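Undergrad: show me how the following folds:
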Amino acid sequence: MNKNLLFITILFSFGSLIQAEELEILSPTQKSIYNTKKKIIEEDKKINEKSWLSNINLNSSIVRDKDEKDTKEFSLSYEQPIFKFGGILNTIDVAKIQEQYDLMDLNITFIEYINTIYTTVVNLKLTDLNIEKQKLSIENKTISLEIIKAEYKAGQTDVTNLNDTIMEKNALEEELAEQLRTKQEYLSTLSQYTKLDYKKIDIPNLKLKELDSYLKDSREIKLAKYNEDISKLNYKIKKSDYLPELSLTSNYGYDFTKSDGENSYNYGVKISIPISFSSINEIEKYQLDYLLSQKQKEQKEIDETVAYNKIIENIRKYNNSTNIASKDIKLYEELLDSVSQEYNAGYKAIEDVEILSNTKKMRELDVEINKLNILTQLIAMYY
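TA: Numbers count the residues shown, from 1 in each chain. Okay, here's the model as predicted:
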């Protein structure tokens, strides 16, 4: 595997899992947690698929009566429902959908970890650019301070102007210190999820999605759909619980007390009709759960549409900011060219050239910062 890890975009289909490449970015502990939870889900599915099967009852007894005569018996009994008006098949279907729900829920949790990793990586890169930009601001303010100090000594400005400039420079240096502290916080956050250096984690090449594609790929909407399907089946199962049930029955017994032993057996079918005073209320409750799950899915689609529109609006804002910065860069290039010529001719000071050059670099950094801000939005769109 490449030293610089490049992770592909996660494309979810029903029951899809985190790709191996995404899993590799996580710390060993996180990977172990994920794999263990996945195994638990697989075992739960097997348990749920067999939940409609009855247990075989084995009984053995030794009884001594008042005459100190021992009776030793063994028995085996089994009663298995074979028809519940769709209840059995629905129970099996619930187990399958529940597995998909649990896997999707598990994926959402760990994709949020991937989101945190990628977002933190971008924030670290943003912080690096902001630190570089802040150093340029401090450099410009230092140049301004030297000019004002010279003017103050020459009696061309008052002490208030000098003091204000000193305080402004101190404030910029404090902001730089705060940015350095912020970087350490981001590094600490990243260490909770991965052992990789942030400079060695490459963000996937993410493209802007259309709304339809975004909603189709939404894991939250898929989760809500699974919940709706499960609620619908549970509603059907609950209705079948109060309908006649057909079962096969069998019993086998052996009495060891007899000299040659004695066995007995029987088998047949049984029809059960449950009568419950709360059946109507319980069925109504499950129906309401199903109707609620439908509305929750509809609400999730609304929420995801709003989230998409916010992402688009943020990207539009950053693109607009980039356009403004690009115009400023062009303007500073023209000014820098003019001032440099005047400096070479002896009409301008070197400080004028340095300040314009630093300011141009700062606006160039703003363009790179906006690109990373847009990437943050695309990460939110995919993860």
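
Undergrad: now the helices for the stretch 201-350 of the chain?
TA: 211-217, 219-241, 279-344, 350-382 (DSSP state H, counting those that start in this stretch).

Undergrad: which one of those lies nearest to residue 141?
TA: The closest of these to residue 141 is helix 350-382. By Cβ to Cβ, the value is 9.6 Å. For glycine as for every other residue, the C-beta is placed from the backbone atoms N, C-alpha and C.

Undergrad: so which strand or helix has the most centrally placed residue in the chain?
TA: Centrality entry for the chain: nearest residue to the mean C-alpha point is residue 112, 2.3 Å, by Cα atoms, centre = their mean. Element membership for residue 112 (DSSP states H and E) is helix 87-153.

Undergrad: and that helix, what's its mean pLDDT?
TA: Mean per-residue pLDDT for helix 87-153: 92.

Undergrad: and if you look at stretch 170-187?
TA: On average, stretch 170-187 scores 97.

Undergrad: that one: which residues count as buried?
TA: Under the neighbour-count criterion of 16 or more other Cβ atoms under 10 Å, stretch 170-187 has 172-173, 176, 179, 182-183, 186 buried.

Undergrad: include secondary structure and distance to residue 68 when you put these into JSON lines, please.
TA: Putting these into JSON lines (DSSP: H, G, I helix; E, B strand; the rest coil; distance: Cβ to Cβ, whole Å) gives the following:
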{"residue": "172", "secondary structure": "helix", "distance to residue 68": "101"}
{"residue": "173", "secondary structure": "helix", "distance to residue 68": "99"}
{"residue": "176", "secondary structure": "helix", "distance to residue 68": "96"}
{"residue": "179", "secondary structure": "helix", "distance to residue 68": "91"}
{"residue": "182", "secondary structure": "helix", "distance to residue 68": "86"}
{"residue": "183", "secondary structure": "helix", "distance to residue 68": "86"}
{"residue": "186", "secondary structure": "helix", "distance to residue 68": "82"}
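
Undergrad: number of nearby residues for the nearest residue to residue 206 once chain neighbours are set aside?
TA: Leaving aside its chain neighbours, residue 206 sits nearest to residue 378 (4.0 Å; criterion: Cβ to Cβ, 6 or more residues apart in numbering). Residue 378 has 20 neighbouring residues, counting by other Cβ atoms under 10 Å.

Undergrad: which residues does stretch 38-51 contact?
TA: Contacts to stretch 38-51, defined as Cβ atoms under 8 Å, 6 or more residues apart in numbering, come from residues 17, 91-92, 94-96, 98-99, 102-103, 106.

Undergrad: now do the contacts for the residue nearest to the centre of the chain.
TA: Residue 112 sits next to residue 383 when contact means Cβ under 8 Å, 6+ apart.

Undergrad: quick check: phi and psi at the closest residue to residue 246 other than its chain neighbours.
TA: Closest residue in space to residue 246, ignoring its immediate chain neighbours: residue 83 at 4.1 Å, by Cβ to Cβ, 6+ apart. When read as degrees, to the nearest 10, the backbone of residue 83 gives phi -150, psi 120.

Undergrad: tell me the spacing between residue 83 and residue 269.
TA: Plainly put, residue 83 is 10 Å away from residue 269 if you go by Cβ to Cβ, to the nearest Å.
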